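S.K.: Any chance you could fold what I've pasted below:
(chains A and B)
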Protein chains: 2
Amino acid sequence: MPQKTLLLVFHPDLEHSRGNARLLEAVKTVPELSYRDMYLEYDGTYIDGATEQIFLEEYDLIVVQHPMYWFSAPAMLAEWMERSLTRGFAWPPGDGDALAGKGWRSVVTTAAGAADFTDAPGSASVETLLKPYEMSATFCGMRWLPPFVLHDVRDPAEGGLSDEALDTAATQYRALLEGEATID
Amino acid sequence: MPQKTLLLVFHPDLEHSRGNARLLEAVKTVPELSYRDMYLEYDGTYIDGATEQIFLEEYDLIVVQHPMYWFSAPAMLAEWMERSLTRGFAWPPGDGDALAGKGWRSVVTTAAGAADFTDAPGSASVETLLKPYEMSATFCGMRWLPPFVLHDVRDPAEGGLSDEALDTAATQYRALLEGEATID
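M.R.: Numbering: from 1, shown residues only, chains lettered A, B, ... in the order given. Below you'll find the predicted structure:
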């Protein structure tokens, strides 16, 4: 049976995105999956933690999809974590175990290529840059699942991946969320 | 001659902070230093990138002080980066070199102890968790300076460092910003 999956997309301008829009399109009809365009939901308002917690409790797998901004995520993801993963809900005291055992999968697009993250002095891989999310998920008793990372989503005219390669990646993403593929 | 230093403090509730308030108190009278309580400046409004860029151009050293939230920073720091470090100002095309050669120093407090960041499987040091800032500063042509990290700022009744130890750290922080001490 497919897992109940909550897909949260954090992109300030999803309509004009290349990678994130294509990825979302490919998975929005996955059985048992609900998706939310968070910058549309919270346009000009703060994240409502109580609402977010109701969503989180309903699902087994939380997929957090976003472009990489400044080697991290758009600001709203940090705000979502601060307001949703509160003490007593996501961590002790009190019950503090609402998320225990659920899965967290980060899905990240980057405009740059993979080599740009590892070749320069002082740089780090995307997996390393995602450590704050891995440690946060673990802190809440969640299972950190290997991230799905798609590089080179900039325009093909600027050297980005082709439309065909993007389609292939989108198909792989769908297979992953349908539970018919794994990473690593 | 002391460097012109801009200290940006990102703490949602500085008045009730233990570590960040004490650190700020110790350095606010450093010569040539200006400080701004960013959550107070932007209370309920978005960061104004144009204003921030005027500040950034005026100073040689940018000190970014914040508590660690979710193994990263309070959300407003990410928003500040998105709105201030814009294309054509902080990176090409166009001039894109407004920050070239300036220093970036992160100053981070954590409630937990140093061992909590390195002993658990999958965890990472604070230095690794700061990679997104290091890579962002480098991307803008800035000099990444060793971060000043203060652990255990939770209440002494909960095992945090003593008031005396906090005072000592605050004195070290002041010496660092006065250019009379270095890290590493």
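S.K.: Phi, psi for residue A:62 please.
M.R.: phi -110, psi 120 (degrees, to the nearest 10).
S.K.: Kindly report the same for the one 5 residues further on.
M.R.: Residue A:67 adopts backbone torsions of phi -80, psi 160, taken as degrees, to the nearest 10.
S.K.: who in chain A is up against chain B?
M.R.: With C-beta under 8 Å from any C-beta of the partner chain as the criterion, chain A meets chain B at residues A:69-76, A:78-79, A:81-82, A:85, A:120, A:122-124, A:128-129, A:131-136, A:138-139, A:144. (Glycine included, C-beta is placed from N, CA and C.)
S.K.: quick one, strands of chain A?
M.R.: Using DSSP state E, the strands found in chain A span residues A:5-9, A:33-37, A:61-67, A:103-109, A:143-150.
S.K.: Need the contact partners of the first one.
M.R.: The set of residues that contact strand A:5-9 without belonging to it, under C-beta atoms under 8 Å, 6 or more residues apart in numbering or on different chains, is A:20, A:24, A:27-28, A:30, A:32-38, A:55-56, A:58-66, A:80, A:177.
S.K.: Now do the helix ranked longest in chain A: which elements does it pack against?
M.R.: In chain A, taking DSSP state H as the definition, the longest helix is helix A:163-177. Here helix A:163-177 touches helix A:19-27, strand A:143-150, going by 3 or more C-beta pairs under 8 Å, 6 or more residues apart in numbering or on different chains; DSSP states H and E.
S.K.: May I see the buried residues of the first one?
M.R.: This means helix A:19-27. Within helix A:19-27, the residues scored as buried using 16 or more other C-beta atoms under 10 Å in any protein chain shown are A:19, A:20, A:21, A:22, A:23, A:24, A:26, A:27.
S.K.: Mind exporting the C-alpha coordinates of it to CSV?
M.R.: What follows is helix A:19-27, C-alpha atoms only, in CSV (Å, rounded to 0.1, in the frame of the first residue of the first chain):
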residue,chain,number,x,y,z
GLY,A,19,12.9,22.4,-12.3
ASN,A,20,10.5,22.6,-9.4
ALA,A,21,7.4,23.1,-11.5
ARG,A,22,8.3,20.1,-13.7
LEU,A,23,9.1,17.9,-10.8
LEU,A,24,5.8,18.8,-9.1
GLU,A,25,3.8,18.2,-12.3
ALA,A,26,5.2,14.7,-12.4
VAL,A,27,4.2,13.6,-8.9
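S.K.: mean confidence for it?
M.R.: Mean pLDDT, helix A:19-27: 98.
S.K.: Run the angle between it and strand A:103-109 for me.
M.R.: Interaxial angle, helix A:19-27 versus strand A:103-109 (axes from the mean of the first three to the mean of the last three C-alpha atoms, to 10 degrees): 130 degrees.
S.K.: Go ahead and name everything in contact with helix A:19-27.
M.R.: So helix A:19-27 is contacted by A:7, A:9, A:11, A:14-15, A:33, A:35, A:37, A:65-67, A:107, A:109, A:150, A:153, A:166-167, A:169-171, A:173-174, A:177 (C-beta under 8 Å, 6+ apart).
S.K.: Please list only the buried members of these.
M.R.: By 16+ other C-beta under 10 Å, these give A:7, A:9, A:11, A:14, A:33, A:35, A:37, A:65-67, A:107, A:109, A:150, A:153, A:166, A:169-170, A:173-174, A:177 as buried.
S.K.: wait, what's in contact with residue A:47?
M.R.: A:38, A:76, A:79, A:80, A:82, A:83, A:84.
S.K.: wait, isn't residue A:67 in contact with residue A:110?
M.R.: Yes. The criterion here is C-beta atoms under 8 Å, and residue A:67 meets it with residue A:110 at 7.3 Å.
S.K.: so what sits against both of these two?
M.R.: Taking C-beta under 8 Å, 6+ apart as the criterion, residue A:67 and residue A:110 both touch residue A:153.
S.K.: Switch the helices and strands packed on helix A:163-177 over to CSV; also include distance to residue A:114.
M.R.: CSV is the format used below for these (distance: least, C-beta to C-beta, whole Å):
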stretch, distance to residue A:114
helix A:19-27, 14
strand A:143-150, 8
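S.K.: So which of these is nearest residue B:93?
M.R.: The closest of the helices and strands packed on helix A:163-177 to residue B:93 is helix A:19-27. By C-beta to C-beta, the value is 21.8 Å.
S.K.: how far is the closest one from where the chain is centred?
M.R.: 12 Å (C-alpha atoms, centre = their mean, to the nearest Å).
S.K.: Compute the inter-axis angle for that helix and strand A:143-150.
M.R.: Using the same axes, to 10 degrees, the inter-axis angle of helix A:19-27 relative to strand A:143-150 is 120 degrees.
S.K.: May I see the strands of chain A organised as a markdown table, with mean pLDDT added?
M.R.: Shown next, in a markdown table, are the strands of chain A (pLDDT from 0 to 100):
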| stretch | mean pLDDT |
| --- | --- |
| strand A:5-9 | 98 |
| strand A:33-37 | 98 |
| strand A:61-67 | 98 |
| strand A:103-109 | 98 |
| strand A:143-150 | 97 |
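S.K.: between the buried residues of helix A:19-27, which is nearest chain B?
M.R.: Nearest to chain B out of the buried residues of helix A:19-27 is residue A:20 (C-beta to the nearest C-beta; 15.8 Å).
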